[in-house]
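J.: predicted model follows, preceded by the sequence.
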Amino acid sequence: MAVEIFYDDDADLSIIQGRKVAVIGYGSQGHAHSLSLRDSGVDVRIGLPEGSKSRAKAEEQGLRVLTPAEASAEADLIMILAPDTKQRFIYEQDIAPNLKDGDALFFGHGFNIRYDLIKPPSNVDVAMVAPKGPGHLVRRQFVDGKGVPALIAVEQDASGNAQALALSYAAAIGGARAGVIKTTFTEETETDLFGEQAVLCGGASALVQTGFEVLTEAGYAPEIAYFEVLHELKLIVDLMYEGGIARQRYSISDTAEYGDLTRGPRVISPAVKEEMKKILGEIQDGTFAREWVAEDEAGRPNFTKLEEQGNQHPIEETGKKLRDLMSWVDRPITETA
Ligand SMILES: NC(=O)C1=CN([C@@H]2O[C@H](COP(=O)(O)OP(=O)(O)OC[C@H]3O[C@@H](n4cnc5c(N)ncnc54)[C@H](OP(=O)(O)O)[C@@H]3O)[C@@H](O)[C@H]2O)C=CC1
Ligand SMILES: CC[C@](O)(C(C)=O)C(=O)O
Ligand SMILES: [Mg+2]
Ligand SMILES: [Mg+2]
(Lines give C-alpha, C1' and ligand atoms only; values in the text may rest on other atoms or scores of the structure.)
(Ligands and ions follow the chains in the order given, each with its own letter.)
Protein backbone atom coordinates (compact mmCIF):
# COMPACT_ATOMS: atom_id res chain seq x y z
CA MET A 1 0.00 0.00 0.00
CA ALA A 2 1.36 3.44 -0.94
CA VAL A 3 2.17 5.64 2.02
CA GLU A 4 1.00 9.23 2.36
CA ILE A 5 3.88 11.69 2.78
CA PHE A 6 3.26 15.27 3.82
CA TYR A 7 5.50 18.32 3.57
CA ASP A 8 5.40 21.88 4.94
CA ASP A 9 2.93 23.01 2.25
CA ASP A 10 0.45 20.35 3.42
CA ALA A 11 0.57 21.46 7.06
CA ASP A 12 -1.33 24.33 8.68
CA LEU A 13 0.96 25.69 11.39
CA SER A 14 -1.82 27.91 12.78
CA ILE A 15 -3.56 24.82 14.21
CA ILE A 16 -0.80 24.06 16.70
CA GLN A 17 -0.21 27.79 17.24
CA GLY A 18 -3.79 27.95 18.51
CA ARG A 19 -3.24 25.27 21.19
CA LYS A 20 -1.79 25.31 24.70
CA VAL A 21 0.83 22.56 24.66
CA ALA A 22 2.30 20.75 27.67
CA VAL A 23 5.44 18.71 27.01
CA ILE A 24 5.92 16.18 29.81
CA GLY A 25 9.65 15.43 30.14
CA TYR A 26 12.70 17.40 29.05
CA GLY A 27 15.14 14.73 27.88
CA SER A 28 16.32 13.87 24.39
CA GLN A 29 12.96 14.36 22.64
CA GLY A 30 11.34 16.65 25.22
CA HIS A 31 13.87 19.46 24.92
CA ALA A 32 13.86 19.22 21.11
CA HIS A 33 10.07 19.38 20.76
CA SER A 34 9.67 22.15 23.36
CA LEU A 35 12.32 24.48 22.00
CA SER A 36 11.29 24.03 18.37
CA LEU A 37 7.57 24.40 19.19
CA ARG A 38 8.42 27.64 21.00
CA ASP A 39 10.51 28.85 18.05
CA SER A 40 7.54 28.05 15.78
CA GLY A 41 5.31 30.39 17.79
CA VAL A 42 3.55 27.77 19.93
CA ASP A 43 2.46 28.40 23.54
CA VAL A 44 4.41 25.67 25.36
CA ARG A 45 4.98 24.75 29.00
CA ILE A 46 7.04 21.89 30.42
CA GLY A 47 5.82 19.33 32.97
CA LEU A 48 8.55 18.01 35.29
CA PRO A 49 8.49 16.73 38.88
CA GLU A 50 9.77 19.10 41.58
CA GLY A 51 12.99 17.11 41.98
CA SER A 52 13.82 16.80 38.27
CA LYS A 53 17.39 17.63 37.28
CA SER A 54 16.08 19.08 34.00
CA ARG A 55 13.97 21.84 35.58
CA ALA A 56 16.87 24.31 35.78
CA LYS A 57 17.95 23.52 32.21
CA ALA A 58 14.49 24.17 30.78
CA GLU A 59 14.14 27.40 32.74
CA GLU A 60 17.59 28.58 31.64
CA GLN A 61 16.44 28.02 28.07
CA GLY A 62 13.52 30.37 28.66
CA LEU A 63 10.76 27.82 29.10
CA ARG A 64 8.05 27.86 31.76
CA VAL A 65 8.23 24.78 33.99
CA LEU A 66 5.31 23.43 36.01
CA THR A 67 4.63 20.07 37.63
CA PRO A 68 3.26 17.42 35.22
CA ALA A 69 -0.21 17.76 36.81
CA GLU A 70 -0.21 21.58 36.59
CA ALA A 71 1.05 21.54 33.00
CA SER A 72 -1.60 18.97 32.01
CA ALA A 73 -4.37 20.97 33.68
CA GLU A 74 -3.34 24.18 31.91
CA ALA A 75 -2.84 22.65 28.47
CA ASP A 76 -5.24 21.36 25.83
CA LEU A 77 -2.57 19.24 24.12
CA ILE A 78 -0.35 17.02 26.27
CA MET A 79 2.71 15.41 24.66
CA ILE A 80 4.23 12.65 26.84
CA LEU A 81 8.00 12.53 26.36
CA ALA A 82 8.97 10.73 29.56
CA PRO A 83 10.59 7.25 29.49
CA ASP A 84 8.25 4.62 28.02
CA THR A 85 8.34 2.54 31.22
CA LYS A 86 7.28 5.53 33.38
CA GLN A 87 4.54 6.93 31.17
CA ARG A 88 1.67 4.82 32.54
CA PHE A 89 2.31 6.07 36.09
CA ILE A 90 2.54 9.71 34.98
CA TYR A 91 -0.63 9.25 32.94
CA GLU A 92 -2.61 7.78 35.85
CA GLN A 93 -1.39 10.23 38.46
CA ASP A 94 -0.90 13.53 36.64
CA ILE A 95 -2.56 13.49 33.24
CA ALA A 96 -5.79 11.47 33.39
CA PRO A 97 -7.30 13.51 36.28
CA ASN A 98 -6.69 16.68 34.24
CA LEU A 99 -8.00 15.59 30.85
CA LYS A 100 -10.94 17.63 29.57
CA ASP A 101 -13.33 17.18 26.64
CA GLY A 102 -11.54 18.12 23.41
CA ASP A 103 -8.00 17.76 24.80
CA ALA A 104 -5.38 15.91 22.79
CA LEU A 105 -3.01 13.30 24.21
CA PHE A 106 0.15 12.96 22.12
CA PHE A 107 2.99 10.41 22.14
CA GLY A 108 6.47 10.36 20.58
CA HIS A 109 6.41 6.56 20.35
CA GLY A 110 3.50 4.14 20.41
CA PHE A 111 4.72 1.69 23.08
CA ASN A 112 2.17 2.46 25.82
CA ILE A 113 -0.85 2.47 23.49
CA ARG A 114 0.27 -0.54 21.42
CA TYR A 115 0.80 -2.67 24.52
CA ASP A 116 -2.34 -1.39 26.34
CA LEU A 117 -0.42 0.20 29.20
CA ILE A 118 -2.37 3.46 28.83
CA LYS A 119 -6.09 3.48 28.02
CA PRO A 120 -7.27 7.06 27.33
CA PRO A 121 -10.93 8.05 27.63
CA SER A 122 -13.02 8.39 24.45
CA ASN A 123 -13.47 12.21 24.65
CA VAL A 124 -9.87 13.12 23.72
CA ASP A 125 -7.79 12.88 20.55
CA VAL A 126 -4.97 10.35 20.81
CA ALA A 127 -2.18 10.86 18.28
CA MET A 128 1.52 10.42 17.75
CA VAL A 129 4.36 12.49 16.31
CA ALA A 130 7.43 10.26 16.23
CA PRO A 131 10.62 11.74 14.77
CA LYS A 132 12.81 9.14 13.08
CA GLY A 133 15.99 10.28 14.81
CA PRO A 134 17.58 11.05 18.17
CA GLY A 135 16.17 14.13 19.89
CA HIS A 136 19.43 16.07 19.98
CA LEU A 137 19.65 15.79 16.19
CA VAL A 138 15.96 16.64 15.80
CA ARG A 139 16.75 19.95 17.50
CA ARG A 140 20.11 20.48 15.78
CA GLN A 141 18.56 19.95 12.33
CA PHE A 142 15.66 22.31 13.14
CA VAL A 143 18.10 25.04 14.18
CA ASP A 144 20.11 24.44 10.98
CA GLY A 145 16.97 24.93 8.87
CA LYS A 146 16.63 21.23 8.12
CA GLY A 147 14.43 18.52 9.61
CA VAL A 148 14.30 14.90 10.73
CA PRO A 149 11.49 12.89 9.07
CA ALA A 150 8.61 12.01 11.36
CA LEU A 151 5.72 9.57 11.54
CA ILE A 152 2.23 10.64 12.57
CA ALA A 153 -0.62 8.38 13.64
CA VAL A 154 -4.10 8.83 15.02
CA GLU A 155 -5.40 6.23 17.47
CA GLN A 156 -8.55 8.12 18.41
CA ASP A 157 -10.11 11.02 16.53
CA ALA A 158 -12.55 12.54 19.02
CA SER A 159 -12.39 16.02 17.46
CA GLY A 160 -12.46 14.93 13.82
CA ASN A 161 -9.29 17.02 13.40
CA ALA A 162 -6.60 14.87 15.01
CA GLN A 163 -4.61 14.21 11.84
CA ALA A 164 -4.36 17.90 10.89
CA LEU A 165 -3.33 18.65 14.48
CA ALA A 166 -0.61 15.97 14.45
CA LEU A 167 0.68 17.19 11.07
CA SER A 168 0.74 20.77 12.32
CA TYR A 169 2.73 19.70 15.42
CA ALA A 170 5.13 17.66 13.25
CA ALA A 171 5.72 20.69 11.01
CA ALA A 172 6.40 22.90 14.04
CA ILE A 173 9.33 20.68 15.07
CA GLY A 174 10.76 20.57 11.53
CA GLY A 175 9.52 17.11 10.48
CA ALA A 176 7.58 18.32 7.44
CA ARG A 177 10.75 19.86 5.95
CA ALA A 178 11.98 16.27 5.46
CA GLY A 179 8.68 14.37 5.13
CA VAL A 180 5.94 13.21 7.47
CA ILE A 181 4.47 9.76 6.88
CA LYS A 182 1.06 8.71 8.12
CA THR A 183 1.09 5.36 9.91
CA THR A 184 -0.56 3.56 12.83
CA PHE A 185 0.53 3.19 16.45
CA THR A 186 1.08 -0.52 15.80
CA GLU A 187 3.24 -0.04 12.71
CA GLU A 188 5.35 2.70 14.32
CA THR A 189 5.88 0.76 17.54
CA GLU A 190 6.81 -2.54 15.91
CA THR A 191 9.08 -1.07 13.21
CA ASP A 192 10.77 1.33 15.64
CA LEU A 193 11.54 -1.44 18.14
CA PHE A 194 12.74 -3.74 15.37
CA GLY A 195 14.94 -1.04 13.82
CA GLU A 196 16.63 -0.10 17.09
CA GLN A 197 17.11 -3.72 18.22
CA ALA A 198 18.16 -5.47 15.03
CA VAL A 199 19.83 -2.78 12.92
CA LEU A 200 20.41 0.75 14.21
CA CYS A 201 21.51 0.15 17.80
CA GLY A 202 21.68 -3.56 18.70
CA GLY A 203 22.81 -4.82 15.30
CA ALA A 204 25.24 -2.00 14.57
CA SER A 205 26.83 -1.98 18.06
CA ALA A 206 27.34 -5.75 18.06
CA LEU A 207 28.73 -5.66 14.50
CA VAL A 208 31.27 -2.97 15.43
CA GLN A 209 32.32 -4.62 18.72
CA THR A 210 32.67 -8.03 17.09
CA GLY A 211 34.70 -6.65 14.18
CA PHE A 212 36.99 -4.85 16.66
CA GLU A 213 37.41 -8.06 18.70
CA VAL A 214 38.26 -10.16 15.63
CA LEU A 215 40.97 -7.72 14.50
CA THR A 216 42.55 -7.11 17.94
CA GLU A 217 42.43 -10.79 18.93
CA ALA A 218 44.32 -11.49 15.68
CA GLY A 219 47.06 -9.10 16.88
CA TYR A 220 46.26 -5.95 14.93
CA ALA A 221 46.64 -2.55 16.64
CA PRO A 222 43.47 -1.43 18.47
CA GLU A 223 43.84 2.06 16.99
CA ILE A 224 43.81 0.67 13.46
CA ALA A 225 40.89 -1.62 14.33
CA TYR A 226 38.96 1.36 15.77
CA PHE A 227 39.43 3.51 12.68
CA GLU A 228 38.53 0.59 10.46
CA VAL A 229 35.30 -0.64 12.07
CA LEU A 230 33.89 2.39 13.93
CA HIS A 231 35.22 5.75 12.74
CA GLU A 232 35.00 4.87 9.05
CA LEU A 233 31.54 3.39 9.50
CA LYS A 234 30.13 6.93 9.78
CA LEU A 235 31.83 7.96 6.54
CA ILE A 236 30.44 4.91 4.75
CA VAL A 237 26.96 5.40 6.23
CA ASP A 238 27.07 9.09 5.23
CA LEU A 239 27.36 7.94 1.61
CA MET A 240 24.39 5.58 2.06
CA TYR A 241 22.40 8.44 3.68
CA GLU A 242 23.22 10.74 0.77
CA GLY A 243 22.76 8.36 -2.14
CA GLY A 244 21.78 4.90 -0.97
CA ILE A 245 23.86 1.73 -0.97
CA ALA A 246 24.49 2.27 -4.70
CA ARG A 247 26.29 5.59 -4.03
CA GLN A 248 28.35 3.93 -1.31
CA ARG A 249 29.35 1.20 -3.74
CA TYR A 250 30.18 3.80 -6.40
CA SER A 251 32.56 5.59 -4.07
CA ILE A 252 34.44 2.61 -2.64
CA SER A 253 37.07 0.66 -4.61
CA ASP A 254 35.99 -2.25 -6.77
CA THR A 255 38.04 -4.47 -4.47
CA ALA A 256 35.91 -3.30 -1.55
CA GLU A 257 32.76 -3.69 -3.58
CA TYR A 258 33.59 -7.27 -4.55
CA GLY A 259 34.25 -8.05 -0.86
CA ASP A 260 30.99 -6.30 0.08
CA LEU A 261 28.96 -8.27 -2.45
CA THR A 262 30.47 -11.68 -1.66
CA ARG A 263 31.30 -11.47 2.08
CA GLY A 264 28.48 -9.27 3.38
CA PRO A 265 25.88 -12.03 3.00
CA ARG A 266 28.23 -14.42 4.87
CA VAL A 267 28.32 -12.06 7.87
CA ILE A 268 24.60 -11.33 7.77
CA SER A 269 23.84 -14.94 6.95
CA PRO A 270 20.43 -16.64 6.59
CA ALA A 271 20.80 -17.61 10.30
CA VAL A 272 21.07 -13.90 11.19
CA LYS A 273 17.96 -13.17 9.16
CA GLU A 274 16.13 -15.97 11.02
CA GLU A 275 17.21 -14.40 14.35
CA MET A 276 15.95 -11.02 13.14
CA LYS A 277 12.59 -12.63 12.36
CA LYS A 278 12.50 -14.09 15.88
CA ILE A 279 13.23 -10.66 17.33
CA LEU A 280 10.38 -9.20 15.25
CA GLY A 281 8.09 -11.98 16.49
CA GLU A 282 8.90 -11.14 20.12
CA ILE A 283 7.98 -7.51 19.40
CA GLN A 284 4.74 -8.44 17.64
CA ASP A 285 3.52 -10.90 20.29
CA GLY A 286 4.40 -8.59 23.23
CA THR A 287 7.23 -10.76 24.66
CA PHE A 288 9.76 -7.92 24.44
CA ALA A 289 7.39 -5.37 25.98
CA ARG A 290 6.54 -7.66 28.92
CA GLU A 291 10.24 -8.41 29.48
CA TRP A 292 11.21 -4.72 29.41
CA VAL A 293 8.39 -3.61 31.72
CA ALA A 294 9.31 -6.39 34.21
CA GLU A 295 13.02 -5.52 33.98
CA ASP A 296 12.23 -1.87 34.76
CA GLU A 297 9.93 -2.83 37.66
CA ALA A 298 12.73 -4.98 39.13
CA GLY A 299 15.10 -1.99 39.14
CA ARG A 300 16.81 -2.80 35.80
CA PRO A 301 19.44 -5.32 37.09
CA ASN A 302 20.16 -6.83 33.66
CA PHE A 303 20.06 -3.47 31.87
CA THR A 304 22.58 -1.99 34.34
CA LYS A 305 24.90 -4.98 34.13
CA LEU A 306 24.90 -5.08 30.32
CA GLU A 307 25.31 -1.30 30.01
CA GLU A 308 28.34 -1.47 32.32
CA GLN A 309 29.81 -4.37 30.32
CA GLY A 310 29.40 -2.29 27.15
CA ASN A 311 31.14 0.69 28.75
CA GLN A 312 34.04 -1.58 29.71
CA HIS A 313 34.52 -2.94 26.16
CA PRO A 314 38.11 -2.19 25.02
CA ILE A 315 36.85 -0.28 21.96
CA GLU A 316 35.62 2.50 24.30
CA GLU A 317 39.07 3.21 25.75
CA THR A 318 40.75 3.17 22.34
CA GLY A 319 38.01 5.36 20.87
CA LYS A 320 38.18 7.95 23.65
CA LYS A 321 41.94 8.32 23.21
CA LEU A 322 41.61 8.82 19.45
CA ARG A 323 38.58 11.10 19.58
CA ASP A 324 40.35 13.36 22.09
CA LEU A 325 42.86 14.06 19.32
CA MET A 326 40.13 15.01 16.82
CA SER A 327 38.45 18.09 18.30
CA TRP A 328 35.72 18.11 15.65
CA VAL A 329 34.55 14.58 16.34
CA ASP A 330 33.57 14.48 20.00
CA ARG A 331 30.77 17.01 19.64
CA PRO A 332 29.12 17.15 23.07
CA ILE A 333 25.47 16.29 23.34
CA THR A 334 24.01 19.69 24.22
CA GLU A 335 20.53 21.09 24.22
CA THR A 336 20.68 23.58 21.35
CA ALA A 337 18.71 26.49 22.79
N1 LIG B 1 15.52 9.38 22.52
C2 LIG B 1 15.04 9.59 21.29
O3 LIG B 1 15.67 10.24 20.46
C4 LIG B 1 13.68 9.09 20.90
C5 LIG B 1 12.71 8.85 21.84
N6 LIG B 1 11.42 8.60 21.44
C7 LIG B 1 10.40 8.44 22.46
O8 LIG B 1 10.28 9.67 23.19
C9 LIG B 1 9.90 9.41 24.53
C10 LIG B 1 10.91 10.05 25.48
O11 LIG B 1 12.16 9.40 25.32
P12 LIG B 1 13.55 10.16 25.59
O13 LIG B 1 13.48 11.55 25.06
O14 LIG B 1 14.61 9.23 25.13
O15 LIG B 1 13.56 10.22 27.18
P16 LIG B 1 14.75 10.71 28.14
O17 LIG B 1 15.08 9.58 29.04
O18 LIG B 1 15.83 11.36 27.36
O19 LIG B 1 14.03 11.86 28.98
C20 LIG B 1 12.94 11.59 29.80
C21 LIG B 1 12.47 12.86 30.48
O22 LIG B 1 11.32 12.53 31.26
C23 LIG B 1 11.50 13.07 32.56
N24 LIG B 1 10.74 12.33 33.55
C25 LIG B 1 11.06 11.21 34.22
N26 LIG B 1 10.08 10.89 35.09
C27 LIG B 1 9.12 11.84 34.94
C28 LIG B 1 7.87 12.10 35.57
N29 LIG B 1 7.41 11.31 36.54
N30 LIG B 1 7.15 13.16 35.16
C31 LIG B 1 7.59 13.98 34.18
N32 LIG B 1 8.79 13.81 33.57
C33 LIG B 1 9.53 12.75 33.94
C34 LIG B 1 13.00 13.00 32.79
O35 LIG B 1 13.34 13.85 33.86
P36 LIG B 1 14.88 14.09 34.33
O37 LIG B 1 15.42 15.00 33.31
O38 LIG B 1 14.78 14.69 35.66
O39 LIG B 1 15.52 12.72 34.29
C40 LIG B 1 13.51 13.46 31.42
O41 LIG B 1 13.48 14.87 31.35
C42 LIG B 1 9.80 7.89 24.64
O43 LIG B 1 8.48 7.55 24.35
C44 LIG B 1 10.73 7.40 23.53
O45 LIG B 1 10.44 6.10 23.05
C46 LIG B 1 11.04 8.58 20.13
C47 LIG B 1 11.97 8.80 19.14
C48 LIG B 1 13.37 8.95 19.45
C1 LIG C 1 16.99 4.36 17.19
C2 LIG C 1 16.57 4.58 18.61
C3 LIG C 1 15.26 5.33 18.75
O4 LIG C 1 14.19 4.56 18.23
C5 LIG C 1 15.36 6.62 17.98
C6 LIG C 1 16.40 7.62 18.32
O7 LIG C 1 14.64 6.80 17.02
C8 LIG C 1 14.99 5.57 20.25
O9 LIG C 1 14.03 4.96 20.79
O10 LIG C 1 15.77 6.31 20.89
MG1 LIG D 1 13.23 5.44 16.64
MG1 LIG E 1 12.72 3.93 19.67
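T.: Nice, I can see it. Ligands and ions are numbered 1, 2, ... in the order given.

J.: low pLDDT regions in the protein?
T.: Along the chain, the parts satisfying pLDDT under 70 run over 330-337.

J.: how about the residues of the chain by ligand 2?
T.: For the chain, the contact set with ligand 2 under Cβ under 6 Å from any ligand atom comprises 133-134, 192, 196, 200-201. From N, CA and C alone the C-beta is placed, and that goes for glycine too.

J.: can you put those in CSV and add neighbour count and secondary structure?
T.: Listed next are the residues of the chain next to ligand 2 as CSV, based on neighbours: other Cβ atoms under 10 Å; DSSP: H, G, I helix; E, B strand; the rest coil:
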residue, neighbour count, secondary structure
133, 18, coil
134, 15, coil
192, 19, helix
196, 13, helix
200, 13, helix
201, 11, coil
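
J.: which of those sits closest to residue 216?
T.: residue 201 (22.5 Å; Cβ to Cβ).

J.: you'd agree residue 82 is up against residue 28?
T.: No - in this structure, residue 82 is not within contact of residue 28 by Cβ atoms under 8 Å, at 11.2 Å.

J.: buried residues, stretch 84-96. List them.
T.: 84-85, 87-88, 90-91, 94-96 (16 or more other Cβ atoms under 10 Å).

J.: end-to-end on that stretch?
T.: Its first and final residues considered, stretch 84-96 spans 17 Å by Cα to Cα, to the nearest Å.

J.: which residues sit against that stretch?
T.: Outside stretch 84-96, the residues within contact range by Cβ atoms under 8 Å, 6 or more residues apart in numbering are 24, 47, 67-69, 72, 78, 80, 82, 105, 107, 109, 111-112, 117-118, 120-121, 292-293, 296.

J.: out of the residues you listed, list just those in strands.
T.: 24, 47, 78, 80, 105, 107 (DSSP state E).

J.: and which of these is nearest residue 258?
T.: Among the ones in strands among the contacts of stretch 84-96, and counting by Cβ to Cβ, the member closest to residue 258 is residue 107, at 45.6 Å.

J.: rewinding a little: nearest to ligand 1 among the residues of the chain next to ligand 2?
T.: Comparing the residues of the chain next to ligand 2 against ligand 1 with Cβ to the nearest ligand atom places residue 134 closest, at 3.9 Å.

J.: measure residue 81 to ligand 2 for me?
T.: Counting by Cβ to the nearest ligand atom, to the nearest Å, the gap from residue 81 to ligand 2 is 11 Å.

J.: how deep is that residue tucked in, by neighbour count?
T.: 24 (other Cβ atoms under 10 Å).

J.: so it sits against residue 24, correct?
T.: Yes - applying Cβ under 8 Å, one finds residue 81 in contact with residue 24, separated by 6.2 Å.

J.: quick check: neighbours shared by these two?
T.: With Cβ under 8 Å, 6+ apart as the test, residue 81 and residue 24 both reach residue 30.

J.: now residue 120: how far from residue 151?
T.: 19 Å (Cβ to Cβ, to the nearest Å).

J.: name the residue in those two with the higher neighbour count.
T.: Here residue 120 and residue 151 are compared on neighbour count by other Cβ under 10 Å; more neighbours surround residue 151, at 27 against 20.

J.: contact partners for that one?
T.: So residue 151 contacts 128-130, 132, 180-183, 188 (Cβ under 8 Å, 6+ apart).

J.: list the contacts of the residue in the chain positioned nearest to ligand 4.
T.: Taking Cβ to the ion, ligand 4 has its nearest neighbour within the chain at residue 192, 4.4 Å off. By Cβ under 8 Å, 6+ apart, the residues touching residue 192 are 109-110, 130.

J.: what distance do you get for residue 264 to residue 236?
T.: Applying Cβ to Cβ to residue 264 and residue 236 gives a distance of 12 Å.

J.: how about residue 283?
T.: Taking Cβ to Cβ, one finds residue 283 at 28 Å from residue 236.

J.: more crowded one of those two?
T.: Neighbours around residue 283 and residue 236, counted as other Cβ under 10 Å, are more numerous at residue 283. The numbers are 20 against 15.

J.: could you give the number of residues near the closest residue to that one other than its chain neighbours?
T.: Take residue 283 and drop its neighbours on the chain: the residue closest to it by Cβ to Cβ, 6 or more residues apart in numbering is residue 193, 4.7 Å away. For residue 193, the neighbour count with other Cβ under 10 Å is 22.

J.: in what helix or strand does residue 193 lie?
T.: helix 185-194 (DSSP states H and E).

J.: please identify the buried residues of that helix?
T.: Neighbour-count burial for helix 185-194 [16+ other Cβ under 10 Å]: 185, 187-194.

J.: and that helix, anywhere near ligand 1?
T.: No - using Cβ under 6 Å from any ligand atom, helix 185-194 stays clear of ligand 1, with a minimum separation of 7.1 Å.

J.: which outside residues touch the helix or strand that comes right after that helix?
T.: Under the assignment DSSP H and E, the closest C-terminal helix or strand after helix 185-194 is helix 202-217. Contact with helix 202-217 is made by 196-197, 222, 224-226, 228-230, 233, 267, 310, 313-315, as judged by Cβ under 8 Å, 6+ apart.
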